[in-house]
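Asker: Just a sequence and a predicted model for now, questions to come.
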Amino acid sequence: MSNFPVLDAQTAPEASKAVLAKTQKGYGFVPNLYGVLAQSPAAVEAYSAIAAAYEKTDLNPVERQVVLLTISAENACHYCVAAHSTVAQMVKAPPEIVDALRQEKPLPDAKLDALRTFTLAVVKNRGWVDPAQLDAFYAAGYQPRHVLDVLTGLSLKTLSNYTNHIVETPLDEPFKPNAWSRTESAA
């Protein structure tokens, strides 16, 4: 991790500072993930751009968190599961949904579980989704555009989950109440 310090507005490359300032304004703090990504202006800009685009998808705020938590738990990303558990709570996701996602279990809401199941199929099969899985996703009320929305979330989480695995990004104070490990989901 010594090769990957968490940078801030004073220590980041000049080309990363605008993204960090925007992030500070939006979150009220700069999450450590952004501080790590700031070492590469291209990486922090890409993450910020994909995150902004993902907010514009046709998935509602709870559905977006279902996708991001599903991917992050499947990838065993301790940082992102904690962060997105916090965000899910902020967008008023039902606690039983957040708990089930953190435990990698089926969701008590059929439509959200179809979203979780489809997202898992995409991740586990690296995009090679069985037509029956796609049909089940559509039968739950989703459309082809939602497939692309899930892929946008996957793009976002691939960048962050893999970064966090390599870097071992330290968990921010606001996310610590939702700290997570794969052993929690196995319990």
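Answerer: Ah, there it is.
Asker: Work out for me the element the residue nearest the centre of the chain sits within.
Answerer: Residue closest to the mean C-alpha point of the chain, counted by CA atoms, centre = their mean, is L68 at 3.6 Å. Assigned by DSSP states H and E, L68 belongs to helix 61-74.
Asker: buried stuff in that helix?
Answerer: Residues of helix 61-74 classed as buried: 62-74 (neighbour count, 16 or more other CB atoms under 10 Å). Any C-beta I mention is one placed from the backbone N, CA and C, and that applies to glycine too.
Asker: which helices and strands does it pack with?
Answerer: Contacts defined by 3 or more CB pairs under 8 Å, 6 or more residues apart in numbering; DSSP states H and E place helix 61-74 against helix 78-90, helix 95-102, helix 110-124, helix 144-167.
Asker: Just the angle for the last one relative to helix 61-74, thanks.
Answerer: The directions of helix 144-167 and helix 61-74 differ by 40 degrees, with axes from the mean of the first three to the mean of the last three CA atoms, to 10 degrees as the criterion.
Asker: contacts for helix 144-167?
Answerer: 1, 4, 33, 36-37, 43, 46-47, 50-51, 53-54, 57-59, 64, 67-68, 71-72, 75, 77-80, 115, 118-119, 122-123, 127, 134, 137, 169 (CB atoms under 8 Å, 6 or more residues apart in numbering).
Asker: How is P5 classified with respect to secondary structure?
Answerer: coil (DSSP: H, G, I helix; E, B strand; the rest coil).
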